[in-house]
Each structure stands twice: as C-alpha cells, then as structure tokens.
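S.K.: Pasting a predicted model and its sequence here:
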Amino acid sequence: MSEDDNQRSLLSERLRPQCFCDLTLPPTTSVRLQHMVDKMRPMNMIFHGPPGTGKTSAAQIFLRAWERFDRMEINGSLQTGVDFMREQVEGFARTPFGTADIRLCFIDEADHLSASAQASLRVLIEKSEHGCRFIFAVNELGKLSAPLKSRLQAVNFRIPAANRLAVQSQLKERLSERLIELGIKFDPVRLDDIVSLYFPDFRRIANALEFEFGA
C-alpha cells in the first residue's frame, strides 16, 4: 500500500494489529498462534468472541504469512450457500499441491453460513487429505453446528472480567504510541475516555478516534 493509499484508509485499518502481541489475547495463546505461523503448520481453528476483538486481525496475520503460497479468503455473510462451498472451496482444498504443502482458507463471519454449507465444510475438513487448513471467525459460536465445531480448535477472544482493566491499559498505551507514529494529534484524556467507553470493540474505538481527532 502506497503512502497516499494508507492516508486514505480508515483509521481502523491503519491501527489494525500487525502481530499477535498487539491483540487482547492471553500471552500463552499468542505464543501458540505465532508458533503455528513460524512452522507454517496451522490447525483447523475457530476464532470466536464479540465484534471488534481482533478475530479477523488474527486471521490476517496468518494470511500475510501465506502471501507466497495458496490461500483463500471468504466472507461468510456473502457466500452462504452449499453450491459455492462445493464448487469453489472444495476445488481449492482438494487441488494437488502448488507452491506449498499447506494451503489456507479463511472464512470470516462464518456464523452466517447455511446449515447445508456447514455440513459440506464439515466433510471437507474431515477429508482434506491434501493439506488444506481452515480458520473460521464468528461472533456467535452457537450458530455453528456441533459436528463442525468439533473439528475446529476454538480460540476465545472474549476478555475475562478479571483482565479487563489491565488489557484496557495496554490498549491505551499501544494506541497512544501508534497515533504518535502516524502523526495524529490527540487529547490523551479523550483517548482514555473513548477506550473506556467502547472497550473491547476495537473498531468502534478506532472510528470514534477518527471522528474525534480528524485522523
């Protein structure tokens, strides 16, 4: 992305976490995810939790690691039917190896998938002998079928109540540093207020900061 494109992008994109340590995940979880990236051996996973807590950002870190290899990204709210899964995703997952022995498919907003699409994916994950791995991101875990969930390692992005204040403090510090890097003038008191008001929804925080400070 050019500097001009970066300036035109939404602040939520410019502030998007670039590494697992920037996310509001327990350190042990961040380490395990980073290990999968380093070894290029992801599990089939489902990232779940409230909106704006970093599920898509975490998946994007995996996708960036696969830039030179085979990958597919799907918005489950747009491609909900079984025909798309059979024609496109199955073809991708079962194609003989190209540049990598592991290919990666990310399905965002997977809680919008139809029951038939979920059933198709369940079978595909189980029989993916060609080395395709799947990452799902959902806001509502209960909308996925039990057989599909049983094939995916769940990673919870919900922040425990006992950790909220510490995570808020870390987020305020990281946002302050990042705004300074971007050359955006801001009022630290208002930054604290906005983070406290909208936490843990990162997108709402970023949008409020952009509205407040004209980023």
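M.R.: Ah, there it is. Residues are numbered from 1 along each chain as shown.
S.K.: alpha carbons only for contacts and neighbour counts from here, please
M.R.: Noted.
S.K.: mind listing the strands for the chain?
M.R.: 45-48, 71-75, 103-108, 132-138, 153-156 (DSSP state E).
S.K.: So what's the residue count around G76?
M.R.: 21 (other CA atoms under 10 Å).
S.K.: V155 too?
M.R.: 16.
S.K.: Enumerate every residue touching it.
M.R.: Contacts for V155 (CA atoms under 8 Å, 6 or more residues apart in numbering) come out as M45, I46, F47, H48.
S.K.: G91: which of those is nearest?
M.R.: Nearest to G91 among the contacts of V155 is M45, at 20.2 Å by CA to CA.
S.K.: So for the one residue sitting closest to the centre of the chain, what's the pLDDT?
M.R.: Centrality entry for the chain: nearest residue to the mean C-alpha point is T56, 1.8 Å, by CA atoms, centre = their mean. pLDDT recorded at T56 is 94.
S.K.: I'd assumed D108 was in contact with it.
M.R.: Yes: shown here, T56 and D108 form a contact pair, counting by CA atoms under 8 Å, at 7.0 Å.
S.K.: Show me the longest helix that occurs in this protein.
M.R.: Counting residues, the longest helix found in the chain (DSSP state H) is helix 164-181.
S.K.: Tell me which residues are up against that one.
M.R.: Contact partners of helix 164-181, identified using CA under 8 Å, 6+ apart, comprise L15, D22, T24, K185, F186, P188, L191, D192, V195, S196, F199, P200.
S.K.: check contacts around the last one.
M.R.: So the one you mean is P200. So P200 contacts G52, T53, I159, Q168 (CA under 8 Å, 6+ apart).
S.K.: if we can go back for a sec, got a winner among the contacts of V155 for most neighbours?
M.R.: Ranking those using other CA under 10 Å puts I46 first, with 26 neighbours.
S.K.: ok, now which ones touch it?
M.R.: I46 neighbours (CA under 8 Å, 6+ apart): I135, F136, A137, V138, K149, L152, Q153, A154, V155.
S.K.: who does the residue lying closest to the fifth one once chain neighbours are set aside bridge with?
M.R.: Taking CA to CA, 6 or more residues apart in numbering as the measure, K149 lies nearest to I46, with 7.7 Å between them; neighbours along the chain are not counted. For I46, the beta-bridge partners under DSSP bridges are F136, A154.
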